[in-house]
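A.B. asks: Give me a 3D structure for the following:
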Amino acid sequence: MGESKSKKAPIKSNSAGEMDTQKVISSLKFNKSNEMTYGKSHIKIVLIGLGLIALGLLLMSGGWMPSPDVWDESIIYSTRRTVVAPIFIIAGLAVQVYAIFKD
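C.D. replies: From the prediction side, this is the model:
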């Protein structure tokens, strides 16, 4: 059908059929420095983001009913659970994204 054949340079081998490993290794790009990708500042920002997410989850939990026979909507659907906690969770996720893309 519409197959296109790309022409690639063949890998040359010596008479015994072995490839020249020195040339192959030298053509690869390695990060030879011992630097970490993320530094201390990135780790601090990630921990702050995780703290915000954990705080949001803690704010969303709880809410025991005073009596098992009574349903109190003000406890279940409180502003703390429906508004404040999701704001903390979303803020924590935004901080995580910032930490990943920071410099």
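A.B. asks: could you give the mean pLDDT of the host helix or strand of Leu52?
C.D. replies: Counting by DSSP states H and E, the element that carries Leu52 is helix 40-60. Per-residue pLDDT over helix 40-60 has a mean of 95.
A.B. asks: Tell me where the chain has helices.
C.D. replies: 21-27, 40-60, 73-76, 79, 85-101 (DSSP state H).
A.B. asks: Show me what the fourth one is packed against.
C.D. replies: So that's helix 79. Using 3 or more Cβ pairs under 8 Å, 6 or more residues apart in numbering; DSSP states H and E as the contact test, no helix or strand touches helix 79. In short, each C-beta sits where N, CA and C put it, glycine included.
A.B. asks: who's in contact with that helix?
C.D. replies: Outside helix 79, not one residue touches it by Cβ atoms under 8 Å, 6 or more residues apart in numbering.
A.B. asks: ok, residues contacting the helix holding Leu52?
C.D. replies: 38, 80-81, 84-96, 98-99, 102.
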